[in-house]
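Asker: Please find the sequence and the predicted model below.
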Amino acid sequence: MTPNPELDPYTSQAENTDVTLQEKINGSRLKEIIEKVQTSMLTTRSRGDHLHSRAMTPTSDSLSGNNLHFFFIGNNASGKFDEIENDDHVNVSFFEPSSTDWASITGVARISKDKELIKKHWSTVIAGYFGDLGDGTHKGNEDDPRVSIIKVVPDEIRYWTANKGKLGQTVQVAIGAVTGKSQAPGELRTITKDEIEVAERLHQK
């Protein structure tokens, strides 16, 4: 079905298009949501056309400055790498339950075994996810051949920030139920593909 703003007043009220790109990236709570939540859900599509999600934490260098890329370190022997090779379209999502703030990133995943890139994003904590197999090759360190980078290049970023606490949101929605008027206790922003490309050019300067 084609989206119809008149039939979806909740989204129409929440969506704010009257903001600059810089405000969307740095002057907003996008980075705050991601930094507070830390762990995302990375969703890929299997060869059988099923959607699979798993919890993954982006590296600390993700979303630095105007950079809107997300970097993950993963085990290339796991199923998600096969799924990305089959279909590189992915989603990365964050949800902060105490505020109900969320962010959803759709984009393309690129797999890299570049040693310098792995070294840049490596953390000793990650070693625990790989383990030393004791064969002299798979040591669970940054030189382990199982270690790869998943770089997610967004096509679109949508995020919601609540303008009231949970109690305030409940009250506002209750008022809507009584009055018959839709209530949107927050703001929805979208960073488009064109805006992401502009941000990338600024980041490269």
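Answerer: Structure received.

Asker: make it CA atoms for all contacts and neighbour counts henceforth
Answerer: Fine.

Asker: In the chain, what helix or strand scores lowest on average pLDDT?
Answerer: helix 166-179 (a mean of 46; mean pLDDT, DSSP states H and E).

Asker: moving C-terminal of that one, what's the next helix or strand?
Answerer: Next in sequence after helix 166-179, counting helices and strands by DSSP states H and E, comes strand 186-191.

Asker: Check whether Leu51 really touches Leu42, as I assumed.
Answerer: No. In this structure Leu51 lies outside contact range of Leu42 using C-alpha atoms under 8 Å: 10.2 Å.

Asker: Please determine how far the residue nearest the centre of the chain is located from Ser60.
Answerer: Central residue of the chain (C-alpha atoms, centre = their mean): Val92, 3.5 Å from the mean position. Separation of Val92 from Ser60 (C-alpha to C-alpha, to the nearest Å): 15 Å.

Asker: ok, now His52?
Answerer: Distance from His52 to Ser60, by C-alpha to C-alpha: 24 Å.

Asker: again with Ile191
Answerer: According to C-alpha to C-alpha, Ile191 stands 21 Å off from Ser60.

Asker: Gln22 now?
Answerer: Distance of Gln22 to Ser60, given as C-alpha to C-alpha: 21 Å.

Asker: With Val198 instead?
Answerer: Counting by C-alpha to C-alpha, the gap from Val198 to Ser60 is 22 Å.

Asker: Same question for Ala162.
Answerer: As judged by C-alpha to C-alpha, Ala162 and Ser60 stand 25 Å apart.

Asker: same question, Lys31
Answerer: Taking C-alpha to C-alpha as the criterion, Lys31 is separated from Ser60 by 12 Å.

Asker: Between those two, which has more neighbouring residues?
Answerer: Using other C-alpha atoms under 10 Å as the criterion, Lys31 and Ser60 rank with Lys31 on top: 18 against 15.

Asker: Surely that one touches Val37?
Answerer: No. Counting by C-alpha under 8 Å, Lys31 does not reach Val37; the two are 9.9 Å apart.

Asker: show me where the chain has strands.
Answerer: Counting by DSSP state E, one finds strands in the chain at the ranges 40-45, 51-56, 70-75, 89-96, 101-112, 147-162, 186-191.

Asker: elements contacting the first one?
Answerer: Meaning strand 40-45. Applying 3 or more C-alpha pairs under 8 Å, 6 or more residues apart in numbering; DSSP states H and E, we find strand 40-45 packed against strand 51-56, helix 79-86, strand 89-96.

Asker: for the ones you listed, which one ends up most surrounded?
Answerer: Comparing the helices and strands packed on strand 40-45 by mean neighbour count (mean count of other C-alpha atoms under 10 Å), strand 89-96 ranks first with a mean of 21.

Asker: neighbouring contacts of that one?
Answerer: 33-34, 36-45, 84, 101-109, 152 (C-alpha atoms under 8 Å, 6 or more residues apart in numbering).

Asker: average model confidence for that strand?
Answerer: For strand 89-96, mean pLDDT is 97.

Asker: that older thread, let me know which of the helices and strands packed on strand 40-45 is the nearest to Lys115.
Answerer: With C-alpha to C-alpha as the measure, helix 79-86 is the member of those nearest Lys115 (17.7 Å).
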